[in-house]
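Colleague: Okay, here's the prediction I keep looking at, along with the sequence it came from:
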Amino acid sequence: MTVCKTTGLTVEQQNRWPFLYSHLSTDIEIPSLTNVDEQFIIEMDKEISKILKKVGDGKAKSRESLTRHLTGLLQRRFQRNAKVQAFGSSVTGLSLGTGDLDLCLSFKREQPKKVLRKIAGLLREEGMMDIQQIPKAKIPIVKFTDSRSGLDVDISIENRLAIYNSKMLKGYAQDKRVREFILMIKYWASRRGINTAFEGTLSSYAWTLISIQHLQMTNPPVAPNRQKGGKQNLIEINGDTFDISNDSSPFESKNQQTLASLLIAFFDRFATRWDWNEMVVSIRNGGPLNAEKKKWTHTGPLPLEIVTGQSKNRMEHIMPIEDPFDHEHDLSRVVKAEGAMTIQEEFMRALHLLSQGKSWKDICAPVMEIDEEPEDFFHDLRNQNTDSLKQRIEEMKAEVVQVEERIHSLVTERQNSKELLDLLRGTLQETRNVKSNRQSILAELRPLSMKVQELRQTRDGINDRIAIPTKRIQQEMVRMFDSLTAEVDVFNTQSLGREKGDFSYFFELQAMYKASIESNQAHQEFIRLRREQNKEYKALKNTNSQEEDVLNRLVEKNPELKGINLHPKTVKEFQQNANKLQKSINIQYSNKHELKREIGRIEAWIRIATSKGNQRPRKDSKPRQNRRQAPTVNINEVRERASTGGSFSLNELDALLSKGGISGIESKEKTSTSGQSERRKSGRKKSTYRVDPRQGRKRGKKQSRN
Ligand code: ATP
Ligand code: MG
């Protein structure tokens, strides 16, 4: 593997971080953006306004209806004990339309146990996709994708601070310029792949805070500090106190800079001027905090040392960003070494491209292929003849019918499956009582059988030793007793030896008699317990037939149950089957939606084409003399209607068609210019700024030997 001797980066890494690499390995100039050409700013502002028209939250309606659906679902599951609140970009107004839906689930009374697992189960039943549980995070989360809308959703538990900080961000975003600036930074970060906290870069939230910090620091400030002064508003969460005070009053800025000029200044600041080693982003403070005072100076290895394998230790406070309410929380905690390198690379790249006069579109060129809609919504239909398009519509309509039939049969199958599932659950419940009865009989039978066995052993043990029956022993004892106690015949006396023998025989008979009585008692007890045991066996048999009766009755009433193995495992199998069916239903629904969308689009085009006498309006056609100024059209709304086959006015159609239907709809864009009037000086100024020293640049070493 070829490695650069100056930086230690491999060729693959050099290609991955080219701007950063050239700064780390050579002494190239860092471009300055302090004097940028006015015309360049005007052009960039035009570009930005086109992008802003496209971004917006086109999925706002889907978000709303999904939020409603999930709220109902969760409240039913947790018997109205649950409270669902949306937060994040769907409430702050800072959505690009590509972000996730953030929901917070809190409980009015006690939080149910294993809540994440319950939510995940519920979502599975609903056919949601890619369900992941993150139970060990400070705020437990369930992540998933809604199979219908394709929206990514995060449900976090008891995330109260997020509700408050979203409310504050909404306050910041009420200013159009602030909102649009944040949207552009989020747009850049998202297209350049540096806005994914779980992949080791910064979250959208962190980028929002960095953006606000920049706008607070411009001169004059574009954004206020909404946490300054005012009364404290303290809340307690898990024993910690937080001040959530937030001044939401409107703010009039004296700053006249346009978005483009603010963005240029942003990159100038964060690519070179911001010393991440000493400065902590803090919107609560309205400007950077001193990292040393906050005890947030960077510790651990440099990102470069980690990516080159020189260290495996952890980095702390690599790009310190303070949470506005939770002051101990550094949002860069999630940033990994590779992420830090990439973020630094992106800052350097933006700086270089801007200094070369490259467009905002170039700066935001997606790192990954993005499925972007073509500029012209009807581009593929323009050259087709109406009849063949009508034919296509008919074919698609026939396909919709087929899909609907498929949906119908799948829904019926799922319903049957669900009914059977409920039936199975009910059956198992009914037989459960019989089963528990059987368990208690078995519980009694076990010691009883042992006792019976014990008695049998006692009895048989004695009987093995004493072969003579008790009665016989008794007779023998009487006979011996008589003989031993008879009057002595002095002429016929027994020898002493014989007499001794008779006595010992008598004693032996006595012992035998005692053992024989014991054996008899054991036998009696044995008989009694055997009878009891038999009764229990009968009862056991009875439970079997009771269970059979219950099942027979159920099968009689519900013939579907016939042949099904009634076991909890079977219930699980049925549940899995129902889930699979739900997934297939969702896929068919989305097919149907796609088909309808396409039908709507083609129908809209046919209406346009025929209303214009089949003549395609030319982009450069001049407006008719008497034509009134067309009112401003919300193109996203028109496109949505076009895509679902809705109706719209000719003016809206015109707007849709002009310049390809998406961009440049509003008649005349007022282009605001920046406060910077100086022309951009040609050539690049030798900069005094350095690349973030924590990237490990070793000054003086210029050569890279690959
Ligand atoms: P997007 O439109 O990309 O989803 P967003 O504005 O919703 O962006 P997210 O990163 O999804 O931003 O965060 C949503 C909300 O979650 C934030 O507004 C914030 O309240 C909370 N949040 C996100 N990340 C953190 C974090 N690391 N610490 C504390 N709160 C966070
Ligand atoms: Mg979000």
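Modeller: Ah, there it is. All figures in this text were calculated on a predicted structure; none of them were measured in a lab. Ligands and ions are numbered 1, 2, ... in the order given.

Colleague: Now the closest residue to ligand 1 within the stretch 251-400 of the chain: phi and psi?
Modeller: Here the residue of the stretch 251-400 of the chain nearest ligand 1 is L331; by Cβ to the nearest ligand atom that distance is 5.0 Å. Yep, even glycine has a C-beta here, placed from its N, CA and C like the rest. The phi/psi pair for L331 (degrees, to the nearest 10) reads phi -70, psi -10.

Colleague: Please export the C-alpha coordinates of the strand or helix carrying K118 as CSV.
Modeller: Assigned by DSSP states H and E, K118 belongs to helix 115-125. The C-alpha coordinates for helix 115-125 follow below in CSV (Å, rounded to 0.1, in the frame of the first residue of the first chain):
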residue,chain,number,x,y,z
VAL,A,115,-42.2,-0.1,25.6
LEU,A,116,-39.8,-0.2,22.6
ARG,A,117,-40.6,-3.9,22.0
LYS,A,118,-44.3,-3.2,22.1
ILE,A,119,-44.0,-0.3,19.7
ALA,A,120,-41.8,-2.4,17.4
GLY,A,121,-44.4,-5.2,17.5
LEU,A,122,-47.2,-2.8,16.7
LEU,A,123,-45.3,-1.4,13.7
ARG,A,124,-44.5,-4.8,12.4
GLU,A,125,-48.2,-5.6,12.5
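
Colleague: same for that helix, what does it pack against?
Modeller: Contact partners of helix 115-125 among helices and strands, from 3 or more Cβ pairs under 8 Å, 6 or more residues apart in numbering; DSSP states H and E: helix 60-77, strand 129-134, strand 141-145, strand 152-157, helix 568-611.

Colleague: Show me what counts as buried in it.
Modeller: 115-116, 119-120, 122-124 (16 or more other Cβ atoms under 10 Å).

Colleague: could you dump the residues you listed to CSV with distance to ligand 1?
Modeller: Below are these laid out as CSV (distance: Cβ to the nearest ligand atom, whole Å):
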residue, distance to ligand 1
V115, 19
L116, 18
I119, 18
A120, 20
L122, 22
L123, 19
R124, 23
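
Colleague: biggest separation within the residues you listed, which pair?
Modeller: Greatest spatial distance among those (Cβ to Cβ): V115 and R124, at 14.9 Å.

Colleague: before we move on, back to that, burial measure for the residue of the stretch 251-400 of the chain closest to ligand 1, as a count.
Modeller: 21 (other Cβ atoms under 10 Å).

Colleague: so what's it up against?
Modeller: Residues counted as contacts of L331 (Cβ atoms under 8 Å, 6 or more residues apart in numbering) are 202-203, 205-206, 209, 321-323.

Colleague: Before we move on, what's the pLDDT of the nearest residue to S449 once chain neighbours are set aside?
Modeller: Using Cβ to Cβ, 6 or more residues apart in numbering and skipping the chain neighbours, the partner closest in space to S449 is Q533 (6.4 Å). Q533 carries a pLDDT value of 84.

Colleague: Quick check: the gap between the residue of the stretch 1-150 of the chain at minimum distance from ligand 2 and ligand 1.
Modeller: Residue nearest to ligand 2 within the stretch 1-150 of the chain: G88 (3.5 Å; Cβ to the ion). In this view, G88 and ligand 1 are 3 Å apart by Cβ to the nearest ligand atom, to the nearest Å.

Colleague: Regarding Q111, what is its secondary structure?
Modeller: coil (DSSP: H, G, I helix; E, B strand; the rest coil).

Colleague: Now do the same for it: its pLDDT.
Modeller: 87.

Colleague: isn't it right up against I119?
Modeller: No. Applying Cβ atoms under 8 Å as the test, Q111 and I119 come out as separate, 11.7 Å apart.

Colleague: ok, R160 touching E236?
Modeller: No. With contact defined as Cβ under 8 Å, R160 does not reach E236; the gap is 10.0 Å.

Colleague: Please identify which of these two sits among more neighbours.
Modeller: Each of R160 and E236 has its neighbours counted (other Cβ under 10 Å); R160 has more, 18 against 8.

Colleague: Tell me the bridge partners for the closest residue to that one other than its chain neighbours.
Modeller: The shortest distance from R160 to any non-neighbouring residue, by Cβ to Cβ, 6+ apart, is to I237 (5.7 Å). On the basis of DSSP bridges, I237 is bridged to D240.

Colleague: Run a quick neighbour tally on I237.
Modeller: I237 has 14 neighbours, counted by other Cβ under 10 Å.

Colleague: same check, this time on L52
Modeller: Based on other Cβ under 10 Å, the number of other residues close to L52 is 16.

Colleague: and it, what element?
Modeller: Using DSSP H and E, L52 maps to helix 38-54.

Colleague: and if you look at L509?
Modeller: Per DSSP H and E: helix 496-557 holds L509.

Colleague: ok, back up a step: was I right to think the residue of the stretch 1-150 of the chain closest to ligand 2 contacts C104?
Modeller: No. Between G88 and C104 there is no contact, the gap being 9.3 Å when judged by Cβ under 8 Å.

Colleague: Look up the residues that both of these two are in contact with.
Modeller: A162.

Colleague: can you map out the strands along this protein?
Modeller: 82-87, 101-107, 129-134, 141-145, 152-157, 234-237, 240-243, 279-280, 289-290 (DSSP state E).

Colleague: Now do the same contact list for the nearest residue to P366 once chain neighbours are set aside.
Modeller: Counting by Cβ to Cβ, 6+ apart, P366 lies nearest to R191, which is 4.5 Å off, once chain neighbours are set aside. Contact analysis of R191 by Cβ under 8 Å, 6+ apart lists 364-367, 370.

Colleague: got a markdown table for those residues, with neighbour count and distance to ligand 2 too?
Modeller: Formatted as a markdown table, the contacts of R191 follow (neighbours: other Cβ atoms under 10 Å; distance: Cβ to the ion, whole Å):
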| residue | neighbour count | distance to ligand 2 |
| --- | --- | --- |
| C364 | 20 | 19 |
| A365 | 13 | 24 |
| P366 | 11 | 19 |
| V367 | 13 | 20 |
| I370 | 10 | 18 |
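
Colleague: Now tabulate the contacts of L331 in TSV and tack on distance to R76.
Modeller: Converted to TSV, those look like this (distance: Cβ to Cβ, whole Å):
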residue	distance to R76
L202	37
S203	31
Y205	31
A206	35
L209	37
I321	39
E322	40
D323	34
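
Colleague: Run a quick neighbour tally on the residue nearest to A337 when sequence neighbours are not counted.
Modeller: Nearest non-adjacent residue to A337, counting by Cβ to Cβ, 6+ apart: I306, 3.5 Å away. Applying other Cβ under 10 Å, we find 21 residues neighbouring I306.

Colleague: and I306, how far is that from D275?
Modeller: In this view, I306 and D275 are 20 Å apart by Cβ to Cβ, to the nearest Å.

Colleague: residue contacts, the closest residue to E278 other than its chain neighbours?
Modeller: In this structure, E278 finds its nearest non-sequential neighbour in A291, 5.2 Å apart by Cβ to Cβ, 6+ apart. By Cβ under 8 Å, 6+ apart, the contact set of A291 is 277-280, 297-298, 317, 320.

Colleague: try T299
Modeller: By Cβ under 8 Å, 6+ apart, T299 lies in contact with 315-317.

Colleague: now with 10 Å?
Modeller: By Cβ atoms under 10 Å, 6 or more residues apart in numbering, the residues touching T299 are 313-318.

Colleague: K170 now?
Modeller: 87, 89, 91-94, 179, 246, 248.

Colleague: same check, this time on K336
Modeller: Applying Cβ under 10 Å, 6+ apart, we find K336 in contact with 199-201, 303, 306-307, 314-315, 318, 342.

Colleague: Residue numbers of this protein in contact with ligand 1?
Modeller: 87-89, 92, 94-96, 99-100, 102, 162, 165-166, 169, 203-205, 208, 323, 329, 331 (Cβ under 6 Å from any ligand atom).

Colleague: From those residues, list just the buried residues.
Modeller: Burial by neighbour count, 16+ other Cβ under 10 Å: within these this picks out 87-89, 92, 94-96, 99-100, 102, 162, 165-166, 169, 203-205, 208, 323, 331.
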